[in-house]
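**Student:** Provide a 3D model corresponding to the input given below.
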Amino acid sequence: QIISTRVDIFPEQYTSKLSIMQDALDPLPGYVIKNIVCQELLNGADLSDLFAEFDDEPLGSASIAQVHRARLLDGRQVAVKVQRPGIEAKLLADITNLKSFAKIVSSSLPIDYYKVFCELEKSLKYELDFLYESQSTYKIASAVNHLPNNKPTKPPVVIPLPITGLVTRKVLVMEFIEGIPLSKLSIELAKRNITLNSI
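**Tutor:** So this is what the prediction gives:
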């Protein structure tokens, strides 16, 4: 998933093939996701103690997590991001293998991919912690709501914020906002006959 977004350092033939990992992997069954949410947010209590509705079908399913639409008991529509079980150990092992491979074939590669994979390993540890993602989201929201001189301004984009008290390392509940995934933006712009130069 991470490699697919780094077209600046990895060849297009790899990034294009790996882009499916951004939001189109086979999803985990709804009951598995609901069980994780119950354990993480409700200490094993029933999902209905927190949610009025929880869609079984995910909005997207990526390599690290999948996202489900839900409605809280107070009526707010939310997106629930749930980390795939066991994914942390698997991804960190994959990075270790990639680092080893990069060392072995380093003389045949155009850049030092060992260093690249070391940096990816560092960023992956943050990606696997939704508490960190929650903090980062608040920082980004604050940044787009202020000018460089710190004066408030109308933000150019809307940042969906985490719901206070509903975030753990493996589950992130945030405001739901209708939109187009970035991975599908170029297709959607083409459908509407919009070019980036015209924006």
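**Student:** who touches stretch 160-176?
**Tutor:** 36-37, 40-41, 50, 69-70, 72, 76-83, 128-131, 133-134, 137-138, 141, 177 (Cβ atoms under 8 Å, 6 or more residues apart in numbering). C-beta here means a position set from N, CA and C on the backbone, and glycine is covered the same way.
**Student:** hmm, try it at 6 Å
**Tutor:** With contact meaning Cβ atoms under 6 Å, 6 or more residues apart in numbering, stretch 160-176 is reached by 37, 40-41, 77-83, 129-131, 134, 137, 177.
**Student:** So which of these wins on neighbours?
**Tutor:** residue 80 (29 neighbours; other Cβ atoms under 10 Å).
**Student:** and the longest helix along the chain, how far out from the chain's middle?
**Tutor:** Longest helix of the chain, by residue count under DSSP state H: helix 87-104. From the chain centre to the centre of helix 87-104 is a distance of 20 Å (Cα atoms, centre = their mean, to the nearest Å).
**Student:** other SSEs contacting that helix?
**Tutor:** helix 113-127 (3 or more Cβ pairs under 6 Å, 6 or more residues apart in numbering; DSSP states H and E).
**Student:** Next one: the spatially most central residue of the chain relative to residue 122, how far apart?
**Tutor:** For the chain, the residue nearest the mean C-alpha position is residue 65 (6.8 Å; Cα atoms, centre = their mean). The spacing between residue 65 and residue 122, counted by Cβ to Cβ, to the nearest Å, is 19 Å.
**Student:** Next, the residue of the chain most remote from its centre: secondary structure please.
**Tutor:** What lies farthest from the middle of the chain is residue 107; by Cα atoms, centre = their mean that is 33.7 Å. Put simply, residue 107 is helix when judged by DSSP: H, G, I helix; E, B strand; the rest coil.
**Student:** Next up, the contacts around residue 49.
**Tutor:** residue 42.
**Student:** switch to 10 Å and redo it
**Tutor:** Neighbour list for residue 49: 38, 41, 42, 43, 73 [criterion: Cβ atoms under 10 Å, 6 or more residues apart in numbering].
**Student:** picking up where we left off before, the contacts of stretch 160-176: which two are farthest apart?
**Tutor:** Maximum pairwise distance in these, criterion Cβ to Cβ, is 25.1 Å, between 77 and 129.
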